[in-house]
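Student: sequence and predicted structure are below.
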2 protein chains.
Amino acid sequence: MNAEKIPDIIIGRLPIYLRALQHMFDRGIQTTSSQELGEVVGISAAQIRKDISQFGEFGKQGTGYNIQFLLGRLREILKVNRTWEVALVGMGDMGHALSRYQGFANRGFHIALFFDNDQSKVGQKVGDFVVKDTADLAEEIRKEGIKIAMLTVPPSAAQEVADQLVKAGIKAILNYSPISINVPPGVKVQYIDPSTHLQRMTYYL
Amino acid sequence: MNAEKIPDIIIGRLPIYLRALQHMFDRGIQTTSSQELGEVVGISAAQIRKDISQFGEFGKQGTGYNIQFLLGRLREILKVNRTWEVALVGMGDMGHALSRYQGFANRGFHIALFFDNDQSKVGQKVGDFVVKDTADLAEEIRKEGIKIAMLTVPPSAAQEVADQLVKAGIKAILNYSPISINVPPGVKVQYIDPSTHLQRMTYYL
């Protein structure tokens, strides 16, 4: 298994499989097939078998996948069999919503640093944390050794803050702003873009 | 071109192409190749050519794609060469953030109905609209003929509200709650799930 050899498009499907398998497991289901998983996630059984086989032998012909085992392997492959601390920049409505989001726990993530450049927000409590000044972002992120950031600043500020994050050593940015940001090679960006999800559904309307 | 014959996984990539092409167009670029587009979106040139060719002949060998023409065709295919009115249920932080989101305009969507079941929020202004009572959801949605909803309620309420939306005639739900919701055949659901995006990046860390 070589990270460079697996296409990113396959890596992108693994978290979808992980989520669907976790839902099955939570409902007490112990084994599944590529057909059954395919119906849940809307991906063909053949594609799922091909994707999963990139990482070794998981299912036995006729008996399907052991869900608990496959969950463990997927978490290991995606490196979420641990908890990553995450920095969040931008304590507007979106930042606050994410600070209370219940979908990070047990999935590998915990927001440990909150930043805003609005001095009226700096020092405010967010759960067990206080909002820090974006001016201190580089120092704080380096001190904590954090590699992942969520960007919930206005579009006009997104590129500038992204540049600061990259300088601070951030290697993965989840961008909520509706603009593209440029980062150097070696830094990953993902976009949370509700319009692309909506457009995928309007096709069928 | 038959809607039933194109795999959903291909449909899911079209909005990604649309977004990337729009960014190119906004920067003044007029033509592109599957290679160039592929580098931007992280999908192989061969896959892009195969996906786009499902809908007809777009590029000429050696001259690439005319971006403006391809944008027009993708909008037509995805049915976003018009504006869809959208209902939003749940005026917490996430609902408020979406009410101000700048990434819907010009991409086919406009939030025209806002609901909450908290009586202290009902009647509050949101831009040009007022928050309505979730109890009146079915009546209001039917009156406006709205087919698309965004669900930003707490996880404990998500299934119940989804059931109400389906009864009101909603055919596409964008779910922000970190739980799976069950809908009947013919209703589409997409999830906004930051953890899956983060997991796609931790693989590379």
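Tutor: It's in. Since the model is a prediction, treat every value here as computed from it, not as a measurement.

Student: so how far is stretch A:195-205 from its chain's centroid?
Tutor: 22 Å (C-alpha atoms, centre = their mean, to the nearest Å).

Student: for it, which positions count as buried?
Tutor: Buried positions in stretch A:195-205, judged by neighbour count with 16 or more other C-beta atoms under 10 Å in any protein chain shown: A:195-204. All C-beta atoms are positioned from the backbone trio N, CA, C, and that covers glycine.

Student: ok, that stretch near chain B or not?
Tutor: Yes: using C-beta under 8 Å from any C-beta of the partner chain, stretch A:195-205 reaches chain B at A:195-205.

Student: need the residues you listed in JSON lines (columns: pLDDT, secondary structure and distance to B:Met150).
Tutor: Formatted as JSON lines, those follow (pLDDT from 0 to 100; DSSP: H, G, I helix; E, B strand; the rest coil; distance: C-beta to C-beta, whole Å):
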{"residue": "A:Ser195", "pLDDT": "97", "secondary structure": "helix", "distance to B:Met150": "11"}
{"residue": "A:Thr196", "pLDDT": "96", "secondary structure": "helix", "distance to B:Met150": "14"}
{"residue": "A:His197", "pLDDT": "96", "secondary structure": "helix", "distance to B:Met150": "10"}
{"residue": "A:Leu198", "pLDDT": "98", "secondary structure": "helix", "distance to B:Met150": "8"}
{"residue": "A:Gln199", "pLDDT": "98", "secondary structure": "helix", "distance to B:Met150": "14"}
{"residue": "A:Arg200", "pLDDT": "96", "secondary structure": "helix", "distance to B:Met150": "14"}
{"residue": "A:Met201", "pLDDT": "97", "secondary structure": "helix", "distance to B:Met150": "11"}
{"residue": "A:Thr202", "pLDDT": "98", "secondary structure": "helix", "distance to B:Met150": "13"}
{"residue": "A:Tyr203", "pLDDT": "96", "secondary structure": "coil", "distance to B:Met150": "17"}
{"residue": "A:Tyr204", "pLDDT": "96", "secondary structure": "coil", "distance to B:Met150": "17"}
{"residue": "A:Leu205", "pLDDT": "95", "secondary structure": "coil", "distance to B:Met150": "15"}
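
Student: hmm, who's touching the biggest helix by length in chain A?
Tutor: Longest helix in chain A, counting residues (DSSP state H): helix A:8-26. The contact list for helix A:8-26 (C-beta atoms under 8 Å, 6 or more residues apart in numbering or on different chains) reads A:32, A:37, A:40-41, A:43, A:47-48, A:51-52, A:54, A:67-68, A:70-71, A:74-75, A:77-78, A:80, B:42-44, B:47, B:180, B:193, B:195-197, B:199-200, B:203-204.

Student: neighbours around A:Asp8, how many?
Tutor: Neighbours of A:Asp8 under the rule other C-beta atoms under 10 Å in any protein chain shown: 14.

Student: show the average pLDDT along stretch A:23-37.
Tutor: Stretch A:23-37 shows a mean pLDDT of 94.

Student: name the residues of that stretch that are buried.
Tutor: Those would be A:24, A:32-34, A:36-37, for stretch A:23-37 by 16+ other C-beta under 10 Å.

Student: can you give me the end-to-end distance of it?
Tutor: Stretch A:23-37 stretches 11 Å from its first residue to its last (C-alpha to C-alpha, to the nearest Å).

Student: cool, and stretch A:132-139?
Tutor: 11 Å.

Student: what about it, distance to the chain center?
Tutor: For stretch A:132-139 - counting by C-alpha atoms, centre = their mean - the centre lies 23 Å from the chain centre.

Student: likewise for stretch A:70-84?
Tutor: The answer for stretch A:70-84 is 12 Å, by C-alpha atoms, centre = their mean.

Student: do it and chain B meet at all?
Tutor: Yes: judged by C-beta under 8 Å from any C-beta, stretch A:70-84 comes into contact with chain B through A:77-80, A:84.

Student: for these, give me a markdown table that also has secondary structure and pLDDT.
Tutor: Formatted as a markdown table, these follow (DSSP: H, G, I helix; E, B strand; the rest coil; pLDDT from 0 to 100):
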| residue | secondary structure | pLDDT |
| --- | --- | --- |
| A:Ile77 | helix | 96 |
| A:Leu78 | coil | 97 |
| A:Lys79 | coil | 97 |
| A:Val80 | coil | 97 |
| A:Trp84 | strand | 98 |
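
Student: that older thread, make a PyMOL selection of the buried ones in the contacts of helix A:8-26.
Tutor: Buried residues within these, by 16+ other C-beta under 10 Å, are selected in PyMOL with:
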select buried, (chain A and resi 32+37+40+41+43+47+48+51+52+67+70+71+74+75+77+78+80) or (chain B and resi 43+44+47+180+193+195+196+197+199+200+203+204)
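
Student: low pLDDT regions in chain A?
Tutor: Scanning chain A with the threshold set as pLDDT under 70 gives A:1-4, A:59-61.

Student: now A:Leu113: phi and psi?
Tutor: The phi and psi values for A:Leu113, taken as degrees, to the nearest 10, are phi -140, psi 130.

Student: what are the structural domain limits within chain A?
Tutor: As assigned by automatic domain parsing, chain A contains the domains A:8-76, A:84-195.

Student: got the end-to-end distance for the shortest one?
Tutor: Across domain A:8-76, the terminal residues are separated by 17 Å (C-alpha to C-alpha).

Student: rewinding a little: give me whichever of the domains of chain A is most buried.
Tutor: Most buried of those, by mean neighbour count (mean count of other C-beta atoms under 10 Å in any protein chain shown): domain A:84-195, with a mean of 18.
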